Structure formats: C-alpha cells, structure tokens
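>>> I would like to see how this sequence folds:
(chains A and B)
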Amino acid sequence: MRLRLKGGRVLDPANGENGVATGAVRDIEIEDGRIVAPTDHRADAEYDLGGDVVMAGGIDLHSHIAGGKMNLARLLMQEDRRAFPEMPGNFCGCGGGRAVPTAHATGCRYAELGYTTVFEPAMVGANARGAHLEMADIPNLDTGAYLVLGNDDYFLRLLAAGAGQEQVNAYVGWMLEATQAFAIKIVNPGGINAFKFNARKMDLDEANPHYAVSPRKVLTTLIRAVTELGIPHPIHLHGCNLGVPGNDETTLATILATEGRRLHLTHLQFHSYGTEGDKRFSSSAARIAEMVNANPNISVDVGQVMFGQTVTASADYMSQYRNRGLASPKKSIGMDIELDAACGVVPFEYKDKSFVNALQWAIGLELFLLVEDPWRIFLTTDHPNGGPFTTYPHLIRLLMDRDFRNAQLATLNKAAQAHTLLGQITREYSLEEIAILTRAAPARILGLTDKGHLGPGAVADIAVHREETDREAMFSTTRLVFKNGRLIVKDGVIVELAQGTTHVVRPDFDRSVGKDIDRWFDEAMGLKAKHFRVADGELRHGAGPTILKCEGVAP
Amino acid sequence: MAGAASETIHDVVCGFCGLGCDDLSVEVEGRAIRAAGTVCPEAARLLRRLDVADRAASIAGSPAGFEEAAAAAHRLLAEARSPLIGGLGTDMAGAGALVDLATRFGGVLDHYASEGLFRNYAAAQRTGWLSVTLAEVRNRCDLLLVVGEDPGATWGRLFERLFPATPLFADAGRKVVFLGGGPGDKAKAQLSGAAVVHHASDDPVAALEALASLVAGRTPPGESFGGISGETLASLAGELRAARYAVVTWNAADLGDGDLVAERATGLVDALNVTTRAGVFPLGGRDNLIGVNQLMLWRLGYPLRTAVRGQASTHDGALFSTASALADADLLVWVSAFRPEPPPDFAGKVIALAHPETVFEKEPDVLIPVGTPGVDHAGTVFRMDSIVSLPLGALRVATLPGVAEAVRRIAEG
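Reported below is the predicted structural model:
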C-alpha cells in the first residue's frame, strides 16, 4: 500500500525542515505504514494538500489515560460522563466524558487533535495488567506507561538495608519487564509510603518514618538505576510537596540533587509556588525557569491549569488527601495500594475569579514562556489534573498569540494579575516551536527514533492542518490524520478506528534477583510473582508490545 | 479418559470468590479435575470436574451444533426489542465481547452479584471513600473491624490471607473486632495470632454511627447503640484512634442495609484519618464482578446496570438492575461461566451461555454451554479490591467454547 501526500508545507523540526517559514512544498510518500523517500511509483491513493501544514502525529508524554485511578475517577464523576455523552458517528457508541473520557473517547478526541501517541505517566505495578487491558481498548493511539516506583516497600526496604546499586538496578529491570512499562515515574518520592505511616508531609531530606530513607536518596538511586540500565527516558519525577506554597525551594533543591544527571520534572507548574504577598502564595516561575535554563540535564512538562471542571487523579495520595477539602463537587476517593503506591481522586473546578487558580494559570504560562529551549519543555495539562487534553488548542493559542493571552489575563482575578509577570512577556511561540513541543522533542526524550518526525523510516503518523491565524481554530480541527499510514481523521471527523501498539522497554538486568522477588511476593504480598508478571500476549488483545531495547544513553 | 496419567498442577489461580488465591494445587487426570491440599470448600466444589462428555448446545431443548445454536441466538437478538445481558459471570475477554454485543444489538448489562457493589456505591459515588487493598490490610492493619456476619463462610481463606504469620508492620498486638455476628471456628483458627473480640449487634449501622461520633470527639446521646453499650463503644473508639492503621470490612451483599453500613464505615474512616491512618476494605467480587464492572467503566464510562441503546448508554443503578430490567426485557442473554448459576425466572426468550452443569427450570430457547475460565481456558479476572487482576490458566483441553468465542460467533450469526 503506497500513499502520497502531495504539496504540503512540511514542518519537521527533527530533520530541520520548516516549510512554513520557507513556503516550500513537497510530497510525502508512505509505504506499508512507514514514510519512505519519494519515488515515482504509482500510489494507491493520493491526497492533494494544497500547501497545508504537515507535521508528525502529536506525542503527549504525560496524560492520564488509563489505569485504576481513572476508573475510580469515572465512578466518582458520573456527572462528567452524563454531561458529555457519546459523540455522533458510526463508531462503537461507547465514548463519553470530558475530564475522564472513556477509552474510546480518549482515542478519538486525541486523534481529532492530530495526536497519535500518548503515554500514561503513572501506572502502579499492582494495577499494570488492568492498565494494559484498558490501554488495549483505546483506539487510534500508540501508548505506553511509566511505572510508579520509589514508594514501594520492596525498594525502600532495599535502601534501608543498604543494598548496592546493582541490586536496585536488577529490581528496577525486573519490575519494568514484569509490568510492561516504558519508563520509571517517581511520585512524591517516599512520601506516598510515608503517608501510610501517618506522615503528612515529606521534604527532600526528611526521613521516612519507618525506613529512615529520604526522598533525595530515593531520587538519586533511581536516577542512577535508569541511567545504568540504559533506559532512554530519564526519571519522570512528580516531586515533593505538590501544590504547597513555598515548594519552589524543594524544586530548586531537587534540580541540584541530580548533580548533572538527566531528570524530567513533570507538571512543573504545581511545583513552582512561592510564599510572597498577602496571601502567602506567589509565582516562582521565573526562578524555576532560570534554573531549568541553566541545567541542560533537566527537562520539564508544564501541567498547565485550564479553567473549568475537571478531576484530579494522582498516585500522590499524601497530597491529594491534603487537598481533598478543596474538592468540587465535595467528594473524593483515596486508596492505599498493595505495598506499592496509592491514589487519590479529587474533583476540581479551576475558577478564573479565584486568586490561586488564576495565578496557577499564569504560572504555567510563565514557565512555558520563560523556559528558553523548546526541546526541553513539553505541552501538557497533566490531563485531567490541570484540565482535559481537549483544551490543548486553546493552550496553543495562548502560547502563540500575545494579544489573546493578555486579553484573557485581563479577565482574571485582579489580585492574581498583579502577581504575575505574564503581561510583560512578549514571547510568542512559532509554529515550529509548537511542533517541537508536541512532536519532535517528546520523541527525542522518549527515545522513539521512528516517531515525531517525517523522515524516511518514520512511522507514518501524520497530521495535516490548514493554517489559520486563529491558532485555536487551526489546532481544533485537523484536516487529515494518518495512523500507520491509514487515514483515521478527515476534516476533523473520525473516519476509521486503528488499533495502536504499546511501547515497552526491555533493559538487561541481573535475573538472579528473581529469587528474592519471588520470596517477597509469597510472604509479603500473598501473591505469586509469576502471576504479577504481565505476559507479552496480554497486551493489545494478543498483539503484544513494541519493544524498545535499552542500548544506553548519555548520563 | 481412563488410563490417563494423573498430574498435579501447582500455583493454580482461583477466579471464583474474588479473593484471588493463586496457590492452589489441583489434580488433573484426563478431563477429571479435583483440588488438592489447601483449598476452601467453594473452590473445591467449583473446580471439581468429572471425566464426562460436555453437554451439547441446544435449541428449545433439542441438541444442536454450536454454529446452529449461535445462529439461532443471533436471530433472537436481532428480533429483540429490549434485551437484558445478565449474569455476566465471565472473564475479561468475555466481558469485552458482551459489551460489543450490547453496543451492536442494544441491551441492559448487569452482573448477577452486583447488589452488594451498588450498596457500596451508594456511599462511594456520593461522598467517596478511603480504601485499601489486600496486601495493605495483610501487612499494616493492626485493628480490623468486621461488620456483619463472619465473612469466612463466603471467603473461606479470608482471614488466612489477611493475617499471615509474619506481617511486615503489624506484627505485635493485631486485633480483630467482630461487630455483629461472632466469628466461626474457622475464622478463630485463622486468627489464632490475633486478639479476637466479639460485640454482638443487631444494628451495626447505629453502632458505626456512634463510633464515628466518639472518634471525632463527640459523645452521642444514649446509653446503648445497636445493642452495644456506650462504654464499650467509647473504649473501642479509643482503640481505633490509637491504632496505627485500622481497617473496616463488611460484605454489603449480606447486609440488607449494606448501603448504610458502607456510608457509616466511610464516615468512621474519614474521622479516623484526621489523626491516624485507616481505610475501608469492602468485600465482594465473586465471578469477576469487579473486572466486568471495571471494563464497563473504561468502555462505557458507567458501571454495571447500564443500558446501551442506539449507540448511546445510560446508567441507572435501580432501573437497570437485573430484577427491574427483567420487567421490561423481551430477551435474556444469561452468562454464567464460573458456576452453574441458573437464570432468574423470566417469561421471555432466553439465550444461555452457561456452565455445562447448570440445571434449568425451563430449557432456554438457545443454550450454548461454555467452558470455565481457569479450568477450560485461560483468562483474566479482577480481585475484589479492583486494583489487582490475575491470569487464569487452563487446566485441561477445552471442548467447549469460552464466552468470548461464543459471543463472537453469535454476533456473526
């Protein structure tokens, strides 16, 4: 099967091509689901793009799309589902919800925005099989999941006993393979575990009440583990003290703690708060951005807050429990999970007239605009925590259109306006920068060499947008989306459902660790390790994973 | 299969009661199966298979080929105005196929054991709750409050699983308080390492409510609550506050006022978490109830008791319960692969995807006997805590289709 997309302006920052800037148009050719060098062979189908903008399919490296917490959120937020019923169309009829859409709606809505790959950033090991079952039912997207480690009793027990790095690495390798994960996520390092022992906060150098291990130790040990195992994506960190005014100090200390090793700070907006002003809540975006700019080993995603109803779902039960008084509507679910992690689900309505919410919105945008290197910052709302992913087109316009941004700012809580630099920031993102943030850079930091670009050999995940001056309109409707070379969206409407794949990593590790892990499962968990392990055939309805070998990365 | 060698298979996963035991030993001789060693009576009964030929499919009681029966079922579905897809005792693959069936032909989806689940949801959906999973109870819980009758009768190995010889963090002074019925001999034996106390109560709702007040520092008016003296409850409240990790458990299916028990238990745990740690551990989940419910949530956005019609779904915990939906249904698709659970009384047409030993009061219009997940074929089931799921293996060569295969064939026609 050969397709030809004729006469598009190709925007492919990974390969240094910017047809939008140069006005040059060219053809893209696809053979059997991959992009190939142009030929003069007859194509089975041709699409005349007429100068439209052609980009690789979008990649979201941090969006909560599957796993037990999302089902708890669905259960708790039935009103979200009822308010957003199925979209019309002949496909399945099982889509709905906005803050916590169904698997079907997740796949369809993302595809409509031109996204073709999305990573679930918090898969709890105990729930891995369930999360993979759920991901298999998401159409049109390739997925993968980051395994939550760093609060599990097995690991903390190892650290407390003074285990060597080799032993930790073996455990991390075993867990990645057993849970079919793509990367390691740390959520509130050691804090989720400490909450089980009734600690209510956890600073970077505080000792766990039971294990006497600090979050710094958890972080640095796991950073070393992923480095030495050669896992392409660095530790994906949700740091200590999420949402706490004054957590900027923790965030800065966390960056220093890496000692130059790679670290990805996720939903940085929630970790960039100072304590200045009457309300003891202020923006530290400038300080944090300066530190990010100065440390090329650091990458971040923003977790932009968008106004409206959503639901927050996180493994950080410690923080979620602390915030549950702010729930709107007033209800929440929390869960301690299997000597492994936890979760907390708290509905939230971000209000533009609220000082705190308005400032959160501004802090996120300040981060986007003050972090200079678009290859190290990623466009996210931490869906659904900061807001649903369906708000991305609006967010893109906020980044690209200063007048629009300032007009929005002018409508917000007045005190918040006075506490943000945002009005003075003149930067506007270019289309190329948006393509970096949402395509080229995530592929690079995830180690996906055949994604996020349009060069020969790339997976033919392609989004075609008509250029419009209203960037929100432009990114709301994708003219064409191809998944593995199959047309799945035409003029903003889903025309076909494609089965995606699940990306996993497979590092080499010392398998002698298996004996100790077997004993741990038998004695502590009351479950056999072999039944905890998720087999390849359990993924994607038997199709199995797409395996990324870990061949080493720069530390 | 006389003369076949007997083989003992170890570490068999049991998918029946929702507790998810995965250390069973099973003797297999040809098509005959029996449990060996440590096993609860429920698993022993449901794993037992004789070396007999499986029952054939049938149409109106007359034997028929699988294809023929599936085609007849397809016709019934195509003609139906308002099907109820009930029972839903099936693994995850079967559940997925049944949701596909509902989206294609329309129908109400409910599991035969969902009553307890919805009693719990009365609290969980309104206010939420703080809950725990099995391994947390097993290792952290120093004070377990068991509300209602001894659940050991339904979950034969529950206390064995929750009270291992060497828990990680709650090794000294573990205590179990039965609030309601007393512990049976089996529970007492499994709890030999813990202090066991029984406070008889005919109204655990009142007792839990008073406990929550006392924990929050209020003294409720009255001298006795649910048949337990205020003094006893005050002392228990003190113990709960002093506990490092208290857990409240109950079986809502067994309690007529299970919805109120769930709500009061949630209130008690909320009050405790202000100063210490605590959680609820609701019991339930037989025959993959929890897994089917999980799949419904991610596929449809609604839990069980949801109707799919015209490519849209609606949830109503009362209207779309099996009992209520049957009043409006003209076709019942009854699915019970784990056990010979017969369909409820129903005057309309019945398609049964049933355990081959099911005894029917009236022959279904179409019967397709199906294999049991974990016996005849592999599959996946969820444990009662909704987080952990387990792979079931096949113990023998299947001669019957699994639910997923049967449903796909029915859909094809």
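>>> Around residue A:42, how many other residues sit close by?
8 (other CB atoms under 10 Å in any protein chain shown). C-beta: built from backbone N, CA, C; applies to glycine.
>>> For the chain, give me the ranges with low pLDDT.
Assuming you mean chain A. A:89-93, A:553-555 (pLDDT under 70).
>>> Oops, wrong one, chain B.
B:1-4.
>>> burial of the closest residue to chain A within it, as a residue count?
Of all residues in chain B, residue B:311 sits closest to chain A, at 2.9 Å by CB to the nearest CB. A count of nearby residues for residue B:311, using other CB under 10 Å, gives 18.
>>> go on, residue B:185?
For residue B:185, the count of nearby residues is 9 (other CB under 10 Å).
>>> again, but for residue B:224
So residue B:224, with other CB under 10 Å, has 16 neighbours.
>>> hey, where'd the strands end up in the stretch 351-500 of chain A?
In the stretch 351-500 of chain A, the segments counted as strands under DSSP state E, counting those that start in this stretch are A:377-378, A:462-465, A:480-483, A:486-490, A:493-494.
>>> which other helices and strands contact the second one?
What it means is strand A:462-465. strand A:2-12, strand A:53-56, strand A:480-483 (3 or more CB pairs under 8 Å, 6 or more residues apart in numbering or on different chains; DSSP states H and E).
>>> got it, and the third one?
When contacts are defined as 3+ CB pairs under 8 Å, 6+ apart, strand A:480-483 packs onto helix A:103-112, strand A:462-465, strand A:486-490.
>>> just checking, residue A:305 is part of a strand?
No. Residue A:305: not assigned to a strand; according to DSSP: H, G, I helix; E, B strand; the rest coil it is coil.
>>> Provide a list of residues in contact with it.
A:269, A:350, A:357, A:360, A:361, A:364, A:381, A:386, A:387 (CB atoms under 8 Å, 6 or more residues apart in numbering or on different chains).
>>> How is residue A:296 assigned, secondary-structure-wise?
Criterion first, three-state DSSP; result for residue A:296: coil.
>>> Spit out the contact partners of it.
A:373, A:376.
>>> Roughly how far does it sit from residue B:315?
50 Å (CB to CB, to the nearest Å).
>>> Count the neighbours of residue B:310 for me.
By other CB under 10 Å, 8 other residues sit near residue B:310.
>>> so it sits right up against residue B:106, yeah?
Yes. Contact criterion CB atoms under 8 Å: residue B:310 and residue B:106 qualify, at 7.1 Å.
>>> where exactly do the helices run in the stretch 251-400 of chain A?
A:285-294, A:317-323, A:355-370, A:392-400 (DSSP state H, counting those that start in this stretch).
>>> Which one of these lies nearest to residue B:12?
Counting by CB to CB, residue B:12 lies closest to helix A:317-323 out of those; the figure is 33.7 Å.
>>> you'd agree residue B:147 is in a strand?
Yes. Under three-state DSSP, residue B:147 sits within a strand.
>>> That one against residue B:248, yeah?
Yes. Residue B:147 is within contact range of residue B:248, at 6.5 Å (criterion: CB under 8 Å).
>>> excluding its backbone neighbours, what's nearest residue B:24?
Leaving aside its sequence neighbours, residue B:24 sits nearest to residue B:12 (CB to CB, 6 or more residues apart in numbering or on different chains; 4.1 Å).
>>> what pairs with residue B:146 across the strands?
Bridge pairing for residue B:146 (DSSP bridges) gives the partners residue B:178, residue B:249.
>>> pretty sure it is in contact with residue B:179, am I right?
Yes. Using CB under 8 Å, residue B:146 is in contact with residue B:179, at 6.7 Å.
>>> Compare neighbour counts for those two and give me the winner.
Between residue B:146 and residue B:179, residue B:146 has the larger neighbour count (other CB under 10 Å), namely 30 against 25.
>>> Tell me who's in contact with residue 349.
Reading this off chain A. With CB under 8 Å, 6+ apart, residue A:349 has these contacts: A:308, A:309, A:310, A:328.
>>> oops, chain B please
Contacts of residue B:349 (CB under 8 Å, 6+ apart): B:76, B:80, B:330, B:331, B:332, B:365.
>>> quick check, nearest of those residues to residue A:203?
residue B:332 (59.1 Å).
>>> Who is that closest one paired with across the strands?
residue B:84, residue B:350.
>>> Map the structural domains onto the sequence of chain B.
Per the record, chain B has its domains at B:57-113+B:287-374+B:398-412, B:116-284, by automatic domain parsing.
>>> Could you export those as CSV, including distance to residue A:515?
Listed next are those as CSV, based on distance: least, CB to CB, whole Å:
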stretch, distance to residue A:515
domain B:57-113+B:287-374+B:398-412, 27
domain B:116-284, 19
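>>> Comparing the ones you listed, which comes out most buried?
domain B:57-113+B:287-374+B:398-412 (a mean of 22; mean count of other CB atoms under 10 Å in any protein chain shown).
>>> any idea how far residue A:405 is from chain B?
Distance, residue A:405 to chain B, using CB to the nearest CB, to the nearest Å: 34 Å.
>>> what's that residue in contact with, if anything?
A:365, A:398, A:399, A:422.
>>> Need the residue closest to the centroid of the chain.
Picking chain A for this. Closest to where the C-alpha atoms of chain A average out (CA atoms, centre = their mean) is residue A:62, at 0.4 Å.
>>> Actually, chain B is the one I wanted.
Nearest to the geometric centre of chain B sits residue B:285, at 1.9 Å (CA atoms, centre = their mean).
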